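A.B. asks: Test case, fold it:
(chains A and B)
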Protein chains: 2
Amino acid sequence: MSARRRGRRPGSQDTREAILAAARTAFAEGGYDATSVRRIAAAAGVDPALVHHYFTTKEQLFQAAVAFPVDLPTALAGIAEGPVAELGDRLADTFLGAWEHPRTGPALEALLRSALTSQVVGRLVREFFTRHIVRSVGARLADVVPATELPVRAGFVASQLFGLAVVRYLLRFEPIASAPRDSVRRTVGPTLQSYLTGPLEALREPASQ
Amino acid sequence: MSARRRGRRPGSQDTREAILAAARTAFAEGGYDATSVRRIAAAAGVDPALVHHYFTTKEQLFQAAVAFPVDLPTALAGIAEGPVAELGDRLADTFLGAWEHPRTGPALEALLRSALTSQVVGRLVREFFTRHIVRSVGARLADVVPATELPVRAGFVASQLFGLAVVRYLLRFEPIASAPRDSVRRTVGPTLQSYLTGPLEALREPASQ
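C.D. replies: Numbering: from 1, shown residues only, chains lettered A, B, ... in the order given. Okay, the predicted model is just below:
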(Lines give C-alpha, C1' and ligand atoms only; values in the text may rest on other atoms or scores of the structure.)
Protein backbone atom coordinates (compact mmCIF):
# COMPACT_ATOMS: atom_id res chain seq x y z
CA MET A 1 0.00 0.00 0.00
CA SER A 2 1.47 3.31 -1.03
CA ALA A 3 0.69 4.88 2.36
CA ARG A 4 3.18 2.47 3.84
CA ARG A 5 5.72 3.26 1.17
CA ARG A 6 5.50 6.94 2.10
CA GLY A 7 6.06 6.06 5.72
CA ARG A 8 2.48 6.51 6.94
CA ARG A 9 0.78 3.82 8.94
CA PRO A 10 -2.87 3.19 8.11
CA GLY A 11 -4.92 4.46 11.03
CA SER A 12 -2.61 7.33 11.78
CA GLN A 13 -3.91 10.88 12.02
CA ASP A 14 -1.41 11.86 9.32
CA THR A 15 -3.04 9.58 6.77
CA ARG A 16 -6.48 10.93 7.51
CA GLU A 17 -5.21 14.51 7.20
CA ALA A 18 -3.40 13.70 3.94
CA ILE A 19 -6.62 12.31 2.48
CA LEU A 20 -8.57 15.38 3.60
CA ALA A 21 -5.99 17.76 2.11
CA ALA A 22 -6.01 15.87 -1.19
CA ALA A 23 -9.81 15.85 -1.18
CA ARG A 24 -10.03 19.61 -0.59
CA THR A 25 -7.76 20.34 -3.53
CA ALA A 26 -9.39 17.79 -5.84
CA PHE A 27 -12.98 18.83 -5.06
CA ALA A 28 -12.13 22.51 -5.40
CA GLU A 29 -10.41 21.95 -8.74
CA GLY A 30 -12.73 19.42 -10.31
CA GLY A 31 -16.03 19.82 -8.50
CA TYR A 32 -17.84 17.13 -6.58
CA ASP A 33 -19.31 15.05 -9.37
CA ALA A 34 -16.18 14.82 -11.52
CA THR A 35 -13.89 13.93 -8.62
CA SER A 36 -13.54 10.23 -7.79
CA VAL A 37 -12.42 8.64 -4.54
CA ARG A 38 -9.81 6.83 -6.65
CA ARG A 39 -8.32 10.14 -7.80
CA ILE A 40 -8.24 11.54 -4.27
CA ALA A 41 -6.61 8.35 -3.01
CA ALA A 42 -3.95 8.60 -5.72
CA ALA A 43 -3.25 12.25 -4.86
CA ALA A 44 -2.94 11.35 -1.17
CA GLY A 45 -0.72 8.34 -1.99
CA VAL A 46 -3.04 5.79 -0.37
CA ASP A 47 -5.23 2.92 -1.45
CA PRO A 48 -8.87 3.81 -2.27
CA ALA A 49 -9.97 1.19 0.28
CA LEU A 50 -8.30 3.24 2.97
CA VAL A 51 -10.30 6.31 1.97
CA HIS A 52 -13.49 4.30 2.30
CA HIS A 53 -12.25 2.94 5.62
CA TYR A 54 -11.96 6.44 7.06
CA PHE A 55 -14.87 8.20 5.39
CA THR A 56 -17.24 5.44 4.15
CA THR A 57 -18.69 7.45 1.23
CA LYS A 58 -17.55 10.21 -1.11
CA GLU A 59 -20.33 12.34 0.38
CA GLN A 60 -18.97 11.98 3.89
CA LEU A 61 -15.44 12.61 2.68
CA PHE A 62 -16.67 15.82 1.05
CA GLN A 63 -18.43 16.95 4.24
CA ALA A 64 -15.27 16.25 6.25
CA ALA A 65 -13.11 18.06 3.67
CA VAL A 66 -15.31 21.15 3.96
CA ALA A 67 -15.23 20.71 7.76
CA PHE A 68 -18.94 21.43 7.66
CA PRO A 69 -20.12 21.26 11.25
CA VAL A 70 -23.77 20.53 10.53
CA ASP A 71 -25.17 17.36 9.02
CA LEU A 72 -26.62 19.31 6.12
CA PRO A 73 -28.38 16.43 4.34
CA THR A 74 -30.28 15.56 7.52
CA ALA A 75 -31.00 19.20 8.32
CA LEU A 76 -32.28 19.84 4.81
CA ALA A 77 -34.39 16.69 4.89
CA GLY A 78 -36.10 18.16 7.95
CA ILE A 79 -36.66 21.44 6.14
CA ALA A 80 -38.09 19.66 3.10
CA GLU A 81 -40.76 17.99 5.23
CA GLY A 82 -43.92 19.94 5.94
CA PRO A 83 -45.87 22.45 3.85
CA VAL A 84 -44.13 23.99 0.83
CA ALA A 85 -45.57 27.37 1.82
CA GLU A 86 -43.48 27.29 5.00
CA LEU A 87 -40.18 26.18 3.44
CA GLY A 88 -38.66 29.65 3.85
CA ASP A 89 -39.62 29.79 7.49
CA ARG A 90 -38.17 26.35 8.25
CA LEU A 91 -34.99 27.15 6.31
CA ALA A 92 -34.51 30.36 8.32
CA ASP A 93 -35.23 28.52 11.57
CA THR A 94 -32.71 25.74 10.87
CA PHE A 95 -30.09 28.22 9.68
CA LEU A 96 -30.41 30.44 12.77
CA GLY A 97 -30.50 27.38 15.02
CA ALA A 98 -27.23 26.04 13.63
CA TRP A 99 -25.53 29.44 13.96
CA GLU A 100 -26.73 29.87 17.52
CA HIS A 101 -25.87 26.38 18.69
CA PRO A 102 -22.87 26.46 21.07
CA ARG A 103 -21.01 23.77 19.14
CA THR A 104 -21.87 24.43 15.50
CA GLY A 105 -22.05 28.24 15.69
CA PRO A 106 -18.32 28.90 16.20
CA ALA A 107 -17.48 26.23 13.62
CA LEU A 108 -19.78 27.85 11.05
CA GLU A 109 -18.20 31.23 11.76
CA ALA A 110 -14.72 29.79 11.20
CA LEU A 111 -15.88 28.12 7.99
CA LEU A 112 -17.51 31.28 6.65
CA ARG A 113 -14.38 33.32 7.38
CA SER A 114 -12.29 30.71 5.56
CA ALA A 115 -14.70 30.67 2.64
CA LEU A 116 -14.47 34.46 2.34
CA THR A 117 -10.69 34.55 2.40
CA SER A 118 -9.67 31.31 0.67
CA GLN A 119 -10.59 30.59 -2.95
CA VAL A 120 -10.38 26.85 -2.36
CA VAL A 121 -12.66 26.82 0.68
CA GLY A 122 -14.96 29.34 -1.00
CA ARG A 123 -15.42 27.04 -3.97
CA LEU A 124 -16.04 24.03 -1.72
CA VAL A 125 -18.64 25.83 0.35
CA ARG A 126 -20.33 27.20 -2.75
CA GLU A 127 -20.66 23.77 -4.29
CA PHE A 128 -21.65 22.08 -1.03
CA PHE A 129 -24.36 24.62 -0.33
CA THR A 130 -25.78 24.77 -3.83
CA ARG A 131 -25.82 21.00 -4.34
CA HIS A 132 -27.64 20.29 -1.12
CA ILE A 133 -30.14 23.12 -1.38
CA VAL A 134 -30.91 22.18 -4.96
CA ARG A 135 -31.20 18.47 -4.20
CA SER A 136 -33.12 18.42 -0.92
CA VAL A 137 -35.23 21.55 -1.03
CA GLY A 138 -35.41 21.38 -4.81
CA ALA A 139 -36.90 17.88 -4.70
CA ARG A 140 -39.62 19.25 -2.44
CA LEU A 141 -40.32 22.00 -4.99
CA ALA A 142 -40.62 19.61 -7.93
CA ASP A 143 -44.37 20.21 -8.29
CA VAL A 144 -44.12 23.96 -7.75
CA VAL A 145 -41.26 25.31 -9.84
CA PRO A 146 -39.35 23.96 -12.86
CA ALA A 147 -36.08 22.19 -11.99
CA THR A 148 -34.20 24.53 -14.33
CA GLU A 149 -35.02 27.43 -12.00
CA LEU A 150 -33.49 25.80 -8.93
CA PRO A 151 -29.89 27.04 -9.30
CA VAL A 152 -31.03 30.67 -9.63
CA ARG A 153 -33.43 30.30 -6.72
CA ALA A 154 -30.75 28.63 -4.57
CA GLY A 155 -28.39 31.49 -5.41
CA PHE A 156 -30.77 34.16 -4.14
CA VAL A 157 -31.49 32.05 -1.05
CA ALA A 158 -27.72 31.92 -0.48
CA SER A 159 -27.46 35.69 -0.90
CA GLN A 160 -29.93 36.29 1.93
CA LEU A 161 -28.53 33.57 4.21
CA PHE A 162 -24.87 34.53 3.73
CA GLY A 163 -25.74 38.20 4.25
CA LEU A 164 -27.64 37.41 7.42
CA ALA A 165 -24.67 35.44 8.74
CA VAL A 166 -22.29 38.30 7.88
CA VAL A 167 -24.44 41.02 9.46
CA ARG A 168 -25.68 39.14 12.52
CA TYR A 169 -22.71 36.91 13.40
CA LEU A 170 -19.55 38.23 11.72
CA LEU A 171 -19.89 42.04 11.66
CA ARG A 172 -22.51 42.02 14.44
CA PHE A 173 -24.54 44.97 13.16
CA GLU A 174 -26.89 46.23 15.82
CA PRO A 175 -29.80 45.97 16.33
CA ILE A 176 -29.80 42.85 14.12
CA ALA A 177 -27.08 41.07 16.12
CA SER A 178 -29.14 41.26 19.33
CA ALA A 179 -32.58 40.84 17.79
CA PRO A 180 -34.52 37.79 19.06
CA ARG A 181 -33.92 34.80 16.84
CA ASP A 182 -37.62 34.33 16.34
CA SER A 183 -38.18 37.85 15.03
CA VAL A 184 -35.27 37.49 12.60
CA ARG A 185 -36.68 34.18 11.41
CA ARG A 186 -40.09 35.70 10.76
CA THR A 187 -38.59 38.63 8.89
CA VAL A 188 -36.19 36.70 6.68
CA GLY A 189 -38.46 33.67 6.19
CA PRO A 190 -40.80 35.43 3.72
CA THR A 191 -37.79 36.60 1.69
CA LEU A 192 -36.49 33.04 1.44
CA GLN A 193 -39.96 31.80 0.58
CA SER A 194 -40.29 34.30 -2.25
CA TYR A 195 -36.89 33.28 -3.62
CA LEU A 196 -37.88 29.60 -3.44
CA THR A 197 -41.41 29.71 -4.82
CA GLY A 198 -42.29 33.28 -5.82
CA PRO A 199 -42.25 34.79 -9.29
CA LEU A 200 -38.67 36.06 -9.71
CA GLU A 201 -37.77 38.76 -12.20
CA ALA A 202 -34.40 37.05 -12.61
CA LEU A 203 -36.25 34.10 -14.17
CA ARG A 204 -38.19 36.08 -16.76
CA GLU A 205 -37.13 35.91 -20.38
CA PRO A 206 -34.75 38.76 -21.27
CA ALA A 207 -37.25 39.99 -23.87
CA SER A 208 -39.85 40.68 -21.19
CA GLN A 209 -37.56 42.65 -18.91
CA MET B 1 2.77 72.60 15.52
CA SER B 2 3.32 69.11 16.84
CA ALA B 3 3.63 67.61 13.38
CA ARG B 4 6.75 69.67 12.98
CA ARG B 5 8.06 68.62 16.38
CA ARG B 6 7.71 65.00 15.32
CA GLY B 7 9.70 65.76 12.22
CA ARG B 8 6.84 65.68 9.72
CA ARG B 9 6.34 68.49 7.26
CA PRO B 10 2.75 69.59 6.75
CA GLY B 11 1.76 68.47 3.28
CA SER B 12 3.76 65.28 3.42
CA GLN B 13 2.15 61.94 2.67
CA ASP B 14 3.34 60.67 6.06
CA THR B 15 1.27 63.23 7.93
CA ARG B 16 -1.84 62.40 5.94
CA GLU B 17 -1.34 58.69 6.58
CA ALA B 18 -0.73 59.29 10.30
CA ILE B 19 -4.01 61.20 10.53
CA LEU B 20 -5.88 58.43 8.68
CA ALA B 21 -4.41 55.73 10.93
CA ALA B 22 -5.34 57.69 14.06
CA ALA B 23 -8.83 58.30 12.66
CA ARG B 24 -9.40 54.62 11.90
CA THR B 25 -8.51 53.62 15.45
CA ALA B 26 -10.45 56.44 17.08
CA PHE B 27 -13.61 55.96 15.01
CA ALA B 28 -13.53 52.20 15.52
CA GLU B 29 -13.09 52.59 19.28
CA GLY B 30 -15.39 55.50 19.98
CA GLY B 31 -17.82 55.58 17.07
CA TYR B 32 -18.35 58.47 14.70
CA ASP B 33 -20.40 60.85 16.83
CA ALA B 34 -18.29 60.63 19.98
CA THR B 35 -14.99 61.04 18.15
CA SER B 36 -13.78 64.62 17.64
CA VAL B 37 -11.33 65.93 15.07
CA ARG B 38 -9.41 67.37 18.01
CA ARG B 39 -8.97 63.90 19.52
CA ILE B 40 -7.84 62.39 16.23
CA ALA B 41 -5.38 65.25 15.76
CA ALA B 42 -3.96 64.66 19.24
CA ALA B 43 -3.60 60.92 18.56
CA ALA B 44 -1.81 61.67 15.29
CA GLY B 45 0.39 64.30 16.95
CA VAL B 46 -0.76 67.12 14.69
CA ASP B 47 -2.71 70.35 15.01
CA PRO B 48 -6.50 70.05 14.41
CA ALA B 49 -6.16 72.76 11.74
CA LEU B 50 -3.96 70.39 9.76
CA VAL B 51 -6.66 67.72 9.86
CA HIS B 52 -9.13 70.21 8.44
CA HIS B 53 -6.56 71.28 5.86
CA TYR B 54 -6.33 67.74 4.52
CA PHE B 55 -9.89 66.50 4.97
CA THR B 56 -12.05 69.64 5.33
CA THR B 57 -14.77 67.96 7.46
CA LYS B 58 -15.01 65.12 9.95
CA GLU B 59 -17.35 63.43 7.47
CA GLN B 60 -14.75 63.49 4.71
CA LEU B 61 -12.07 62.30 7.12
CA PHE B 62 -14.29 59.37 8.07
CA GLN B 63 -14.90 58.47 4.43
CA ALA B 64 -11.16 58.60 3.74
CA ALA B 65 -10.41 56.53 6.87
CA VAL B 66 -12.80 53.81 5.67
CA ALA B 67 -11.27 54.14 2.18
CA PHE B 68 -14.82 54.01 0.91
CA PRO B 69 -14.53 54.24 -2.86
CA VAL B 70 -18.01 55.60 -3.51
CA ASP B 71 -19.32 59.01 -2.52
CA LEU B 72 -22.05 57.42 -0.43
CA PRO B 73 -23.82 60.62 0.70
CA THR B 74 -24.24 61.69 -2.93
CA ALA B 75 -25.23 58.20 -4.08
CA LEU B 76 -27.79 57.90 -1.30
CA ALA B 77 -29.17 61.37 -2.02
CA GLY B 78 -29.87 60.11 -5.55
CA ILE B 79 -31.58 57.03 -4.17
CA ALA B 80 -33.70 59.12 -1.81
CA GLU B 81 -35.09 61.17 -4.70
CA GLY B 82 -38.04 59.75 -6.59
CA PRO B 83 -41.01 57.67 -5.44
CA VAL B 84 -40.78 55.96 -2.06
CA ALA B 85 -42.32 52.84 -3.61
CA GLU B 86 -39.21 52.46 -5.79
CA LEU B 87 -36.57 53.04 -3.11
CA GLY B 88 -35.61 49.35 -3.04
CA ASP B 89 -35.19 49.26 -6.79
CA ARG B 90 -33.02 52.39 -6.84
CA LEU B 91 -30.95 51.12 -3.91
CA ALA B 92 -30.31 47.80 -5.70
CA ASP B 93 -29.48 49.64 -8.92
CA THR B 94 -26.95 51.96 -7.26
CA PHE B 95 -25.40 49.11 -5.28
CA LEU B 96 -24.94 46.89 -8.33
CA GLY B 97 -23.70 49.85 -10.37
CA ALA B 98 -20.98 50.65 -7.83
CA TRP B 99 -19.88 47.00 -7.63
CA GLU B 100 -19.73 46.67 -11.39
CA HIS B 101 -17.95 49.94 -12.06
CA PRO B 102 -14.34 49.28 -13.17
CA ARG B 103 -12.89 51.68 -10.60
CA THR B 104 -15.12 51.29 -7.55
CA GLY B 105 -15.85 47.55 -7.93
CA PRO B 106 -12.37 46.26 -7.06
CA ALA B 107 -12.09 48.83 -4.26
CA LEU B 108 -15.41 47.70 -2.77
CA GLU B 109 -14.27 44.08 -2.96
CA ALA B 110 -11.05 44.93 -1.12
CA LEU B 111 -13.00 46.88 1.49
CA LEU B 112 -15.51 44.07 2.04
CA ARG B 113 -12.72 41.51 2.44
CA SER B 114 -11.04 43.80 4.98
CA ALA B 115 -14.31 44.32 6.82
CA LEU B 116 -14.84 40.57 7.06
CA THR B 117 -11.36 39.86 8.39
CA SER B 118 -10.53 42.95 10.48
CA GLN B 119 -12.56 43.93 13.53
CA VAL B 120 -11.55 47.58 13.15
CA VAL B 121 -12.52 47.87 9.50
CA GLY B 122 -15.65 45.82 10.15
CA ARG B 123 -16.79 48.26 12.81
CA LEU B 124 -16.03 51.25 10.59
CA VAL B 125 -17.95 49.85 7.65
CA ARG B 126 -20.85 48.86 9.86
CA GLU B 127 -21.16 52.36 11.29
CA PHE B 128 -20.57 54.08 7.95
CA PHE B 129 -23.22 52.01 6.23
CA THR B 130 -25.85 52.23 8.96
CA ARG B 131 -25.43 55.96 9.55
CA HIS B 132 -25.78 56.86 5.89
CA ILE B 133 -28.63 54.51 5.15
CA VAL B 134 -30.51 55.70 8.23
CA ARG B 135 -29.87 59.37 7.52
CA SER B 136 -30.41 59.63 3.79
CA VAL B 137 -32.90 56.92 3.01
CA GLY B 138 -34.42 57.24 6.49
CA ALA B 139 -35.16 60.93 5.94
CA ARG B 140 -37.05 59.98 2.81
CA LEU B 141 -39.08 57.47 4.82
CA ALA B 142 -40.03 59.96 7.53
CA ASP B 143 -43.69 60.02 6.49
CA VAL B 144 -43.90 56.27 5.94
CA VAL B 145 -42.26 54.51 8.89
CA PRO B 146 -41.39 55.62 12.44
CA ALA B 147 -37.79 56.81 12.88
CA THR B 148 -37.31 54.25 15.66
CA GLU B 149 -37.71 51.45 13.10
CA LEU B 150 -34.91 52.69 10.86
CA PRO B 151 -31.96 50.86 12.48
CA VAL B 152 -33.73 47.50 12.25
CA ARG B 153 -34.80 48.16 8.67
CA ALA B 154 -31.28 49.29 7.71
CA GLY B 155 -29.91 46.10 9.26
CA PHE B 156 -32.07 43.82 7.13
CA VAL B 157 -31.25 45.92 4.06
CA ALA B 158 -27.59 45.40 4.92
CA SER B 159 -28.13 41.65 5.28
CA GLN B 160 -29.45 41.38 1.72
CA LEU B 161 -26.89 43.75 0.19
CA PHE B 162 -23.86 42.21 1.95
CA GLY B 163 -25.07 38.73 1.03
CA LEU B 164 -25.54 39.72 -2.59
CA ALA B 165 -21.99 41.11 -2.66
CA VAL B 166 -20.61 37.93 -1.09
CA VAL B 167 -22.45 35.56 -3.43
CA ARG B 168 -22.15 37.54 -6.68
CA TYR B 169 -18.75 39.20 -6.34
CA LEU B 170 -16.70 37.40 -3.66
CA LEU B 171 -17.65 33.73 -3.85
CA ARG B 172 -19.04 34.09 -7.40
CA PHE B 173 -21.85 31.57 -7.05
CA GLU B 174 -23.25 30.62 -10.43
CA PRO B 175 -25.68 31.37 -11.94
CA ILE B 176 -25.97 34.51 -9.78
CA ALA B 177 -22.46 35.74 -10.60
CA SER B 178 -23.19 35.81 -14.33
CA ALA B 179 -26.84 36.85 -14.15
CA PRO B 180 -27.64 40.13 -15.93
CA ARG B 181 -27.39 43.06 -13.55
CA ASP B 182 -30.89 44.16 -14.43
CA SER B 183 -32.47 40.83 -13.51
CA VAL B 184 -30.63 40.77 -10.18
CA ARG B 185 -31.81 44.31 -9.50
CA ARG B 186 -35.42 43.41 -10.19
CA THR B 187 -35.22 40.32 -7.99
CA VAL B 188 -33.52 41.90 -4.99
CA GLY B 189 -35.26 45.29 -5.28
CA PRO B 190 -38.60 44.02 -3.88
CA THR B 191 -36.78 42.42 -0.92
CA LEU B 192 -35.08 45.72 -0.10
CA GLN B 193 -38.37 47.55 -0.54
CA SER B 194 -40.12 45.23 1.91
CA TYR B 195 -37.33 45.72 4.44
CA LEU B 196 -37.57 49.51 4.03
CA THR B 197 -41.31 50.05 4.02
CA GLY B 198 -43.09 46.72 4.51
CA PRO B 199 -44.56 45.33 7.72
CA LEU B 200 -41.66 43.49 9.37
CA GLU B 201 -42.18 40.76 11.94
CA ALA B 202 -38.96 41.91 13.61
CA LEU B 203 -40.74 45.17 14.48
CA ARG B 204 -43.78 43.64 16.12
CA GLU B 205 -44.10 43.70 19.88
CA PRO B 206 -42.70 40.52 21.49
CA ALA B 207 -46.13 39.78 22.97
CA SER B 208 -47.65 39.44 19.52
CA GLN B 209 -45.04 37.06 18.18
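A.B. asks: element containing A:Leu96?
C.D. replies: Counting by DSSP states H and E, the element that carries A:Leu96 is helix A:87-99.
A.B. asks: again, but for A:Ala107
C.D. replies: helix A:104-117.
A.B. asks: Does anything pack onto the next helix-or-strand element following that helix? Which helices or strands?
C.D. replies: Using DSSP H and E, the next helix or strand after helix A:104-117 towards the C-terminus is helix A:119-132. Secondary-structure packing of helix A:119-132 (3 or more Cβ pairs under 8 Å, 6 or more residues apart in numbering or on different chains; DSSP states H and E): helix A:13-30, helix A:58-66, helix A:72-80, helix A:104-117, helix A:150-165. Glycine gets a C-beta too; all of them are placed from N, C-alpha and C.
A.B. asks: Pick the most deeply packed of those helices.
C.D. replies: Of all the helices and strands packed on helix A:119-132, helix A:150-165 has the most neighbours on average by mean count of other Cβ atoms under 10 Å in any protein chain shown, namely a mean of 25.
A.B. asks: In contact with the closest residue to chain B within chain A, which residues?
C.D. replies: Per Cβ to the nearest Cβ, A:Gly163 is where chain A lies closest to chain B, at 2.2 Å. Contact analysis of A:Gly163 by Cβ atoms under 8 Å, 6 or more residues apart in numbering or on different chains lists B:158-164, B:166.
A.B. asks: TSV please, covering the helices and strands packed on helix A:119-132 and showing mean pLDDT.
C.D. replies: Formatted as TSV, the helices and strands packed on helix A:119-132 follow (pLDDT from 0 to 100):
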stretch	mean pLDDT
helix A:13-30	86
helix A:58-66	84
helix A:72-80	81
helix A:104-117	83
helix A:150-165	93
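A.B. asks: To B:Ile176, which of these lies closest?
C.D. replies: Distance to B:Ile176, taken as Cβ to Cβ, is lowest for helix A:150-165 among the helices and strands packed on helix A:119-132, at 3.6 Å.
A.B. asks: next one: the closest one to chain centre, how far?
C.D. replies: How far helix A:150-165 lies from its chain's middle: 11 Å, per Cα atoms, centre = their mean, to the nearest Å.
A.B. asks: Next, the angle from that helix to helix A:87-99.
C.D. replies: 40 degrees (axes from the mean of the first three to the mean of the last three Cα atoms, to 10 degrees).
A.B. asks: what angle sits between helix A:150-165 and helix A:104-117?
C.D. replies: With the same axes, to 10 degrees defining the directions, helix A:150-165 sits at 110 degrees from helix A:104-117.
A.B. asks: Would you check that my belief about A:Phe173 contacting B:Leu161 is correct?
C.D. replies: No - counting by Cβ atoms under 8 Å, A:Phe173 sits too far from B:Leu161 to count as a contact (11.4 Å).
A.B. asks: what's the spacing between the residue of chain A closest to chain B and B:Val144?
C.D. replies: Distance of A:Gly163 to B:Val144, given as Cβ to Cβ, to the nearest Å: 24 Å.
A.B. asks: Over to A:Asp71?
C.D. replies: Taken as Cβ to Cβ, the span from A:Asp71 to B:Val144 is 44 Å.
A.B. asks: again, but for A:Gly31
C.D. replies: Using Cβ to Cβ, A:Gly31 is found at 47 Å from B:Val144.
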